[in-house]
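In: turn this into a model:
(chains A and B)
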Amino acid sequence: MNAIELFELPFMQRALIAALLTGLAAPAVGTFLVQRRLALMGDGIGHVAVTGVALGLVTGASPLWTAVLVAIAGSILLEVIRERGQTNGDVALALLFYGGLAGGILISGIGNESAASLQRYLFGSLTTISVDDLLVTMVLAPAVIFLCLGLAPQLFAVAQDQEFARVAGLRVRFYNVLVAVLAAVSVTVAMRTVGLLLVSALMVVPVATSQQLTRSFRTTIAAAMVLGTLASVGGLVLAAVASTHDINATPGPTIVLLALAGYVIAWPVGVWTRHRARLRAPFPETVPTDHEPAGEHPHQHGPRCGHLAVPHDDHVDYVHDGHRHAEHGAHYDEH
Amino acid sequence: MPMTPGSTPAVSIAGGAVEIGGRPVLRGIDLDVGEGDFLALMGANGSGKSTLVRALLGLRPVSAGEVRFFGTPLDDFGAWQRIGFVPQRATAASGVPASVWEVVAAGRLTRRRLLRPLTRADRAAIEEALEVVGLADRRRDAVSHLSGGQQQRVLIARALAGEPDLFFLDEPTAGVDLPNQQALAGALGALKARQATVVLVAHELGPLAPLVDRAVVMRDGRIVYDGPPLRDHEAHEPWFAEPHTHHHHAGPSHRDHAPRVASPLDPPNGGVR
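Out: Purely as a prediction, here's the structure:
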């Protein structure tokens, strides 16, 4: 079978739609989590959702719905612990991490569920997604995207500065819980794509990649959504193409590694641009000190002389060998 | 300054007390701030200035007494667009890059309706706020690339963007260099000219001193002076406060609400001057 025939298969088309929606929704929520410095929250919720999946498998209910419900309950609990406790949320996360994972494995063991059925949710199995699962994804993912973008000004303000947001009359607790619930929903939506144990990667890695290169929140969230989509659809296609060559690449890890590859490419570019911006930041205006001409200076500075030119007050300082030289008549001054 | 009888104070607290973790921190606080006042709330570190402002704004519950805004009890008050708040923060940056314009635009949320785009009036107010603090040319820059003093001006512009009539500024001059303090004084002067009411928490007034028309000095959770402006050294006289040992706040009383991180891979404090 070649790649074209593979994409004509219904399960593959379902997988593509699910990957596209997940790739858009997960980084949209993830941006607000990263902004609050709660990058690992998606991971914590993912672990809690394991319990939900196990409950669904054991009781015969749809694992997707039980996972959504348990993940929402877990995320609200997390938010409450975070608000009441004096910790930064990391202890609350740790409690949920282990409780959720242990609960899920214990419950599925008691219910005599095979490890393989739980594993489909732990590591994703895009290609076994059912029509019902797809329909749920097609309702939940657009809802997440709509709320994240529609309420972006409010969510941004709350994540940026809670105290200011409260004095601005925003219902901070409502928005905190909303972000937690949106994260829970997108975790469960993404669990079929990348799996519960890797879900946080799709929420956080595209954001980390895009913020290497962006200066504003709007471009960060937009670029993260584009990168997330590229990673999830690209990873699925890569894995599918590999499978036609008899390489057993599972889509979930392929998607995550592709997203990480994007970060590895963007990182040095980001380091370089930030370094450059730092060097070129204007020198602060200061009260003029005594006039101090530079010594012997045969070189003529100019826009194309190759030395770093930094704005300083109403003129330009040329930086070389630890000196800042400013043109003054026929000579240069030390600034 | 005694108020003219009959006028409603912009903000008032009567018999106010605040407890933190069961320990009384503020006791017996009575304060009326008349409309148009420019009040400096002064005192040593730990004297309760910031706690008082946070209690006035409802960020800390009062254990006794009542706070009123424009005559309305705090619990019933809903006109938050009339209040501007500049919190005490070391930085305006958060975990994700945000441009100066975006942070200032957040101040406009008090007047925006849900799910509606910015109106022309919103954009004009954001623009004006940027002009007042002198950062209009930096609007596209990431806030984390600005100096500490410039970030403080961004936070002031954010409060200005909501066009409030009552301002609370919590230590806007702490750790800010002189040119930035002067820019700040310019922005606050523009506010005063518009008859705004200003409550300024300050350790030292510096270039802001000429604007102040009433000083309140706190010591150990009580108000010990309320009257005409004092010069900096007077506010730190021994009969007001503990002997003044440190001018610049480096002590643990400064809570860092959002640690400054430019990027996970930048060296600490490397990015920002």
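In: what residue in the stretch 51-200 of chain B comes nearest to chain A?
Out: Chain A sits closest to residue B:80 of the stretch 51-200 of chain B, with a gap of 3.2 Å, by Cβ to the nearest Cβ. C-beta coordinates here come from the backbone N, C-alpha and C atoms, glycine included.
In: chain A: strands as residue ranges?
Out: A:308-312, A:315-320, A:323-328, A:331-334 (DSSP state E).
In: nearest to chain B, of those strands?
Out: strand A:308-312 (11.5 Å).
In: what is that closest one packed up against?
Out: Applying 3 or more Cβ pairs under 8 Å, 6 or more residues apart in numbering or on different chains; DSSP states H and E, we find strand A:308-312 packed against helix A:251-280, strand A:315-320, strand A:323-328.
In: please redo it, this time with the cut-off set to 7 Å
Out: Applying 3 or more Cβ pairs under 7 Å, 6 or more residues apart in numbering or on different chains; DSSP states H and E, we find strand A:308-312 packed against strand A:315-320.
In: check what pLDDT the residue nearest to the residue of the stretch 51-200 of chain B closest to chain A when sequence neighbours are not counted gets.
Out: Nearest non-adjacent residue to residue B:80, counting by Cβ to Cβ, 6 or more residues apart in numbering or on different chains: residue A:169, 3.2 Å away. The model reports residue A:169 with a pLDDT of 92.
In: same deal with the one 5 residues further on?
Out: Residue A:174 is assigned a predicted lDDT (pLDDT) of 94.
In: just residue A:165 next, same as before
Out: pLDDT, residue A:165: 94.
In: and it, how many residues sit next to it?
Out: 23 (other Cβ atoms under 10 Å in any protein chain shown).
In: for residue B:66, which of the strands of chain A is the nearest?
Out: Across those, residue B:66 has its closest neighbour in strand A:308-312 (52.9 Å, Cβ to Cβ).
In: for the residue nearest the centre of chain B, name its beta-bridge partners.
Out: Nearest to the mean C-alpha position of chain B, by Cα atoms, centre = their mean, lies residue B:169 at 1.2 Å. For residue B:169, the beta-bridge partners are residue B:86, residue B:200 (DSSP bridges).
In: so for it, what pLDDT did the model give?
Out: Confidence score, pLDDT, at residue B:169: 95.
In: how about stretch A:216-226 as CSV, C-alpha atoms only?
Out: Extracted C-alpha coordinates of stretch A:216-226, given in CSV (Å, rounded to 0.1, in the frame of the first residue of the first chain):
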residue,chain,number,x,y,z
SER,A,216,3.9,39.9,21.8
PHE,A,217,1.3,37.6,23.3
ARG,A,218,-0.9,37.6,20.2
THR,A,219,1.8,36.4,17.9
THR,A,220,2.9,33.9,20.6
ILE,A,221,-0.5,32.2,20.8
ALA,A,222,-1.0,32.3,17.0
ALA,A,223,2.4,30.9,16.2
ALA,A,224,2.0,28.2,18.9
MET,A,225,-1.3,27.1,17.4
VAL,A,226,0.3,27.0,13.9
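In: which residues are contacting it?
Out: Here stretch A:216-226 makes contact (Cβ atoms under 7 Å, 6 or more residues apart in numbering or on different chains) with A:24, A:27-28, A:30-31, A:156, A:206-207, A:210-211, A:214, B:96-99, B:102.
In: using CSV, list the CA coordinates for stretch B:203-216.
Out: What follows is stretch B:203-216, C-alpha atoms only, in CSV (Å, rounded to 0.1, in the frame of the first residue of the first chain):
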residue,chain,number,x,y,z
HIS,B,203,9.1,55.2,51.0
GLU,B,204,10.6,58.3,49.6
LEU,B,205,9.0,60.9,47.4
GLY,B,206,12.0,62.2,45.5
PRO,B,207,10.8,64.1,42.4
LEU,B,208,7.2,63.4,43.3
ALA,B,209,7.3,65.6,46.4
PRO,B,210,6.0,68.8,44.8
LEU,B,211,2.8,67.0,43.7
VAL,B,212,1.8,65.8,47.2
ASP,B,213,-0.7,67.9,49.1
ARG,B,214,-1.3,65.6,52.0
ALA,B,215,0.9,63.1,53.8
VAL,B,216,-0.1,60.2,56.0
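In: ok so, going back, distance of the residue nearest to the centre of chain B from residue B:196?
Out: From residue B:169 across to residue B:196, the span is 11 Å (Cβ to Cβ, to the nearest Å).
In: the stretch 51-200 of chain B: strands as residue ranges?
Out: In the stretch 51-200 of chain B, the strands defined using DSSP state E, counting those that start in this stretch lie at B:64-69, B:72-73, B:83-86, B:166-170, B:197-201.
In: now, of those strands, which is deepest in the fold?
Out: strand B:83-86 (a mean of 27; mean count of other Cβ atoms under 10 Å in any protein chain shown).
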